[in-house]
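Participant: below are the sequence and a predicted model; questions follow.
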Amino acid sequence: PRLLLLDSLLQELTSLQLYSVVTMLIDKPGVLAVIKVEHLVLPSGHKNQALLDQTDLHKFQEEHKISDNFCRKDKESNIQMKFSCWPCRIVIESVVALRDHLSGGKHLENAANPVDYSEYFIDTALNGIWKKRKGVKRPLEETRLSKRERTKENKLARSIPILTQYTEEKYEETETYFENGLRKVRPYHFTFTTHAKGRWVGDKLFDVFAREFRAMEPKEYARCIEAGLVRVNDKASSVDYRVQNNDFISHTVHRHELPVTEQKINIINEDDDWVVVDKPGSIPVHPCGRYRHNSMTFILAKEHGLKTLQPVHRLDRLTSGVLIFSKSAAKARLMEQLITAREVEKEYVCRVVGEFPEEEIVCEEPIEVISCKIGLCVVDPKGKDCKTTFQRLEFKNGVSIVKCWPKTGRMHQIRVHLQFLGFPITNDPLYNSEIFGPEKGKGGDLGKSHEQLVQDLIKYHTVENWINSGEYEASEIVSETEIIENLDKIEVKSEIKEEASIKTDAENQKLSDDLETCAPFCDPNCGECKLAYKDPPPESLVMYLHALKYSGDGWAYQTEMPKWATFL
């Protein structure tokens, strides 16, 4: 009993001594605050802190004693007390650390030079870090240039021309026209530019192009270099030139864009901050690969006058549905943060092969990107965590309509999870293919290595081959009538394929007339200008996957259900 009494007295003396230390150092208000926070776990699984109360320490000490375990978190309520130092704009999580901080030179210096604390606030989501309030910007020096202006000056200093493709004139570099249900773009000259990558330094210019790019055959790249279409630091070069560090390389090509659907872009909502559209399938969100003017950003700029849009999320080129753009970089970052924190709920609808189970299915298989070059993903234990919830809406004649709620946002997540479950999207040109094996990747069974799979896809699996394949035709058979129609289509296609290699005099004359009509847009040195391409069927440009709804706290954007998503 005497030992217990002695221990109690020592604890009391320690508490009193520490209380007196804090009291002596804080002899005026407006220096320290006591903040009360609650530790939370968001539905997304991310941790957060909520600020419940904030009191000046000088006033707080008049009514409370501060013990050594004052800042210890209560495990039942998840409530924790902390100290906030206004002059230093930091949060302190223990009494011992507070005592050391108050006696430090940095605190004494900051306390002697007070700032306007109304410009700042405590961001408890970042462990109590002080941040400037929105709208309070750091004053810029009068001589400071913007990033775009600095880039322009740097190019002028190195005698690098500023191409029209980086100005407002880029929207006038070609024409758009509509034909056979497709949106098409006249061919035009375009200059690709880049600075030399580290892995290129020391290699021959020809070797770099032959190894890194697949748009042309190697011999065609050699011709372009010798013809001066490939330039280094705005000067003609040779195939044997050794790439140097920071070289500015350009390649002027006669660009032929692929056609996309002529379907009109429906604007769901537009205000001062956001533009939300119903994206048609086949149109990429932004310029990429062989698409530039036939991209969402260019079409909205040219036809709707929306030239400063920034996409805050992506949809696959063949996927349709809700697509959100921001009118400012600040708002784009805000939405990106909400999506990253998984605070935006996404709802999709798709049409899959087979009778999908009636009960709710949750797939949490990790997904790994095995080829960024062709955009290929598979289920793999080494991949990133994923979660998708599925619910069947309808089933008829071997095809199901399924709603999907992806919790995460991995590349091709819905398509890969459906393939793993054994119910690929009916007209998915990538993941509904026997190149993944007899089971088409069901249960993750590929029957080959990832490297071999990538090589097989590059060699055999193109959209053109997919459209002309029996897999494509069989994937959408829902009745005996359609079976007969599909067989007829297959026969017609085989006849077309056999006749494609033999052009009649009439066909050659038509090609000649077409070239004469499009003479202002033709380049005599361009191989593609001498070829006649068969238009893809408009129905092949749409994949049965649609972003139906995006929603968050106090907002929601939704489209109508696509026609293919119902059997009625």
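Facilitator: Nice, I can see it.

Participant: from here on, just use CA atoms for contacts and neighbour counts.
Facilitator: OK.

Participant: for stretch 288-296, buried residues please.
Facilitator: Neighbour-count burial for stretch 288-296 flags Tyr291, Arg292, His293, Asn294, Ser295, Met296 (criterion: 16 or more other CA atoms under 10 Å).

Participant: so the last one touches His286, yeah?
Facilitator: Okay, so that is Met296. Yes: assessed by CA atoms under 8 Å, Met296 is found in contact with His286 at 5.9 Å.

Participant: quick one: residues contacting Leu205.
Facilitator: Remark: with contacts taken as CA atoms under 8 Å, 6 or more residues apart in numbering, Leu205 is in contact with Ser238, Val239, Asp240, Tyr241, Arg242, Val243.

Participant: thinking again about what came up before, so which of the buried residues of stretch 288-296 are in helices?
Facilitator: Using DSSP state H, the members of the buried residues of stretch 288-296 that fall in helices are Met296.

Participant: check the gap between Cys522 and Gln49 for me.
Facilitator: Between Cys522 and Gln49 the computed distance is 62 Å (CA to CA, to the nearest Å).

Participant: I misspoke; the intended subject was Ser250.
Facilitator: Look at Ser250 and Gln49: by CA to CA, they are 50 Å apart.

Participant: before we move on, what's the pLDDT of Phe192?
Facilitator: Phe192 is assigned a pLDDT of 89 by the prediction.

Participant: just checking, what packs against the helix or strand hosting it?
Facilitator: For Phe192, the host element (DSSP states H and E) is strand 188-195. Here strand 188-195 touches strand 248-255, going by 3 or more CA pairs under 8 Å, 6 or more residues apart in numbering; DSSP states H and E.

Participant: what residues of the strand it packs on count as buried?
Facilitator: Using 16+ other CA under 10 Å as the test for burial, strand 248-255 gives Phe248, Ile249, Ser250, His251, Val253, His254, Arg255.

Participant: who touches that strand?
Facilitator: Contacts to strand 248-255, defined as CA under 8 Å, 6+ apart, come from residues 187-196, 229-234, 290, 523, 526.

Participant: pairing partners for the helix or strand just after that strand, with directions?
Facilitator: Going down the chain from strand 248-255, the next helix or strand is strand 260-261, by DSSP H and E. Take DSSP bridges as the rule and strand 260-261 pairs in its sheet with strand 182-185 (antiparallel).

Participant: tell me the mean pLDDT over the strand it pairs with?
Facilitator: Rounded mean pLDDT across strand 182-185 is 94.

Participant: got the contact list for it?
Facilitator: So strand 182-185 is contacted by 174-178, 256-262, 293-294, 538 (CA under 8 Å, 6+ apart).

Participant: tell me the buried residues within these.
Facilitator: The neighbour count (16+ other CA under 10 Å) marks His256, Glu257, Leu258, Pro259, Val260, Thr261, Glu262, His293, Asn294, Pro538 as buried among the contacts of strand 182-185.

Participant: isn't the last one up against Gln263?
Facilitator: Pointing back at Pro538 there. No: assessed by CA under 8 Å, Pro538 is found out of contact with Gln263, at 9.8 Å.

Participant: next, Gln54: secondary structure please.
Facilitator: Following DSSP: H, G, I helix; E, B strand; the rest coil, Gln54 is assigned to strand.

Participant: so what sits opposite the residue nearest to it when sequence neighbours are not counted in the bridge?
Facilitator: Leaving aside its sequence neighbours, Gln54 sits nearest to Ile35 (CA to CA, 6 or more residues apart in numbering; 4.4 Å). Judged by DSSP bridges, the bridge partners of Ile35 are Gln54, Lys82.

Participant: wait, Lys331 touches Leu309, no?
Facilitator: No: assessed by CA under 8 Å, Lys331 is found out of contact with Leu309, at 10.8 Å.

Participant: neighbour-wise, which of these two wins?
Facilitator: Taking other CA atoms under 10 Å, Lys331 and Leu309 do not tie; Leu309 has more neighbours (21 against 16).

Participant: contact partners for that one?
Facilitator: By CA under 8 Å, 6+ apart, the contact set of Leu309 is Val275, Thr297, Phe325, Ser326, Lys327, Ser328.

Participant: which non-adjacent residue is nearest the first one?
Facilitator: The shortest distance from Val275 to any residue other than its chain neighbours is 5.1 Å, reached at Phe325 (CA to CA, 6+ apart).

Participant: a strand runs through that neighbour, doesn't it?
Facilitator: Yes: applying three-state DSSP, one finds Phe325 inside a strand.

Participant: now do the strands in the stretch 51-200 of the chain.
Facilitator: 79-85, 90-92, 120-123, 129-132, 176-179, 182-185, 188-195 (DSSP state E, counting those that start in this stretch).

Participant: out of those strands, deepest packed?
Facilitator: strand 79-85 (a mean of 21; mean count of other CA atoms under 10 Å).

Participant: what mean pLDDT does it have?
Facilitator: 89.

Participant: can you check stretch 337-353 too?
Facilitator: For stretch 337-353, mean pLDDT rounds to 93.

Participant: same check on stretch 252-259?
Facilitator: The average pLDDT within stretch 252-259 is 91.

Participant: so how far does it reach from one end to the other?
Facilitator: 21 Å.

Participant: centre of the chain to it, how far?
Facilitator: Mean-position distance between stretch 252-259 and its chain equals 25 Å (CA atoms, centre = their mean, to the nearest Å).

Participant: for stretch 543-551, same thing?
Facilitator: Put simply, stretch 543-551 sits 16 Å off its chain's centre (CA atoms, centre = their mean).

Participant: and stretch 341-348, by the same measure?
Facilitator: Remark: stretch 341-348 is offset 14 Å from the chain centroid, using CA atoms, centre = their mean.

Participant: quick one: distance of stretch 183-193 to the chain centre.
Facilitator: With CA atoms, centre = their mean, you get 24 Å for stretch 183-193.

Participant: over to stretch 48-57?
Facilitator: That offset, for stretch 48-57, works out to 36 Å (CA atoms, centre = their mean).

Participant: show the average pLDDT along it.
Facilitator: Throughout stretch 48-57, pLDDT has a mean value of 84.

Participant: from memory Gly375 sits against Glu368, does it?
Facilitator: No: Gly375 lies out of contact with Glu368 (CA under 8 Å); the separation is 10.8 Å.

Participant: where does pLDDT dip in this structure?
Facilitator: Applying pLDDT under 70 to the chain picks out residues 1-26, 43-45, 114-144, 146-148, 161, 165-166, 461-520, 568.

Participant: give me the number of residues near Gly104?
Facilitator: Around Gly104 there are 11 other residues, counting by other CA under 10 Å.

Participant: please tell me how far it sits from Ile66.
Facilitator: 21 Å.

Participant: before we move on, the earlier item: scan the contacts of Leu205 and report the most crowded one.
Facilitator: Highest neighbour count within those, by other CA under 10 Å: Val243, with 22 neighbours.

Participant: distance check, it against Pro429.
Facilitator: Applying CA to CA, the value for Val243 to Pro429 is 38 Å.

Participant: what's the answer for Ile367, then?
Facilitator: 19 Å.

Participant: picking that back up, with neighbour numbers in mind, choose between Gly375 and Glu368.
Facilitator: Glu368 (19 against 12).

Participant: so which strand or helix has the more buried one?
Facilitator: Using DSSP H and E, Glu368 maps to strand 367-371.

Participant: need the next SSE after that strand, C-terminal direction.
Facilitator: With elements assigned by DSSP H and E, the helix or strand that comes after strand 367-371 is strand 376-379.

Participant: now that following strand: how far from the chain's centre is it?
Facilitator: How far strand 376-379 lies from its chain's middle: 17 Å, per CA atoms, centre = their mean.
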